[in-house]
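# Make a model of this:
(one chain, ligands or ions: 2)
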Amino acid sequence: MPILDAHTLEFFSRSPEQTRRVGMRLGGTLHAGDVVCLQGDLGAGKTTFVQGLAQGWGSLDLVSSPTFILVNIYRRADAKQLFHLDAYRLDSVPEAEELDLESMLEQGPLVIEWPERMGSLIPTNKLWVHFDYMSDEHRQMVFKASGKHYDSLLNEIRRTMFGAS
Ligand code: ADP
Ligand code: MG
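Ligands and ions are numbered 1, 2, ... in the order given. A predicted model of the protein is given here:
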């Protein structure tokens, strides 16, 4: 994995399983208050990534695309919660303002698909992952950390994936 700079990490996935595995690594590092934004076109692999992420975080719940309800909640044996928000169907930023991100973040990590539709509601400090479709089974993922906390989170992922920091 090439390191572009201290805040960025690039990964090339060759299968949905591999994307889930990377999600698992990240999920294992997440705690209440953590924000992970997943940007990319339909079919880029965001929800596939969340499947691994929820599993790595410790939930046995089934991950699906939040549809009519915007937010899915996955639970863990210790009663903690992981929030999975899909802003695809949001019509406007004012509508997004109805979502109480703060109270979600008090209770667990928050993963957001289509974060670009939430405008400035997205916290300044976060981990941002950009997914790009390369070919049928190939996706490029670029992780960008904003804030010291997410820099160390990114380092932790680097370490668990490649045994080096
Ligand atoms: P999104 O949530 O970004 O719209 P999904 O995760 O729902 O995307 O769908 C991605 C689709 O692409 C799935 O059908 C998945 O099996 C397929 N796919 C093929 N290769 C990959 C890959 N390397 N990573 C993630 N998904 C992949
Ligand atoms: Mg999706």
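
# only C-alpha atoms for contact and neighbour calcs from this point on.
Fine.

# how would you label the residue lying farthest from the centre of the chain: helix, strand or coil?
Residue farthest from the centre of the chain, counting by C-alpha atoms, centre = their mean, is residue 94 at 22.8 Å. Three-state call for residue 94 (DSSP: H, G, I helix; E, B strand; the rest coil): helix.

# what's the following helix or strand after the least confident helix or strand in the chain by mean pLDDT?
Ranking every helix and strand in the chain by mean pLDDT, DSSP states H and E puts helix 93-97 at the bottom, with a mean of 78. For helix 93-97, the succeeding helix or strand toward the C-terminus, using DSSP states H and E, is helix 101-107.

# So which residues make contact with that next one?
The contact list for helix 101-107 (C-alpha atoms under 8 Å, 6 or more residues apart in numbering) reads 32, 33, 34, 35, 80, 81, 83, 110.

# near ligand 1, which residues of the chain show up?
Applying C-alpha under 6 Å from any ligand atom, one finds that the chain approaches ligand 1 through 13-16, 19, 40-48, 136-139.

# quick one: buried residues of the lengthiest helix in the chain?
When the chain is parsed with DSSP state H, its longest helix is helix 148-162. Using 16 or more other C-alpha atoms under 10 Å as the test for burial, helix 148-162 gives 150, 151, 153, 154, 155, 156, 157, 158, 160.

# Just name the closest of those to ligand 1, please.
Distance to ligand 1, by C-alpha to the nearest ligand atom, is smallest for residue 157 among the buried residues of helix 148-162, at 17.6 Å.

# which residues sit in contact with that closest one?
25, 26, 29.

# List only those of these flagged as buried.
Counted by 16+ other C-alpha under 10 Å, those give 25, 26, 29 as buried.

# Tell me where the chain is predicted with low confidence.
The chain contains residues with pLDDT under 70 at 1-4, 67-69, 163-165.

# I'd like the distance from the residue nearest in space to the middle of the chain to ligand 1, if you could.
Centroid check for the chain by C-alpha atoms, centre = their mean gives residue 36 as the closest residue, at 3.9 Å. Separation of residue 36 from ligand 1 (C-alpha to the nearest ligand atom, to the nearest Å): 14 Å.

# contacting residues for that residue?
Shown in contact with residue 36 (C-alpha under 8 Å, 6+ apart): 109, 110, 111, 112, 126, 127, 128, 129.

# picking up where we left off before, where's the longest helix of the chain relative to the chain centroid, distance-wise?
Computed by C-alpha atoms, centre = their mean, to the nearest Å, the chain-centroid distance of helix 148-162 equals 14 Å.
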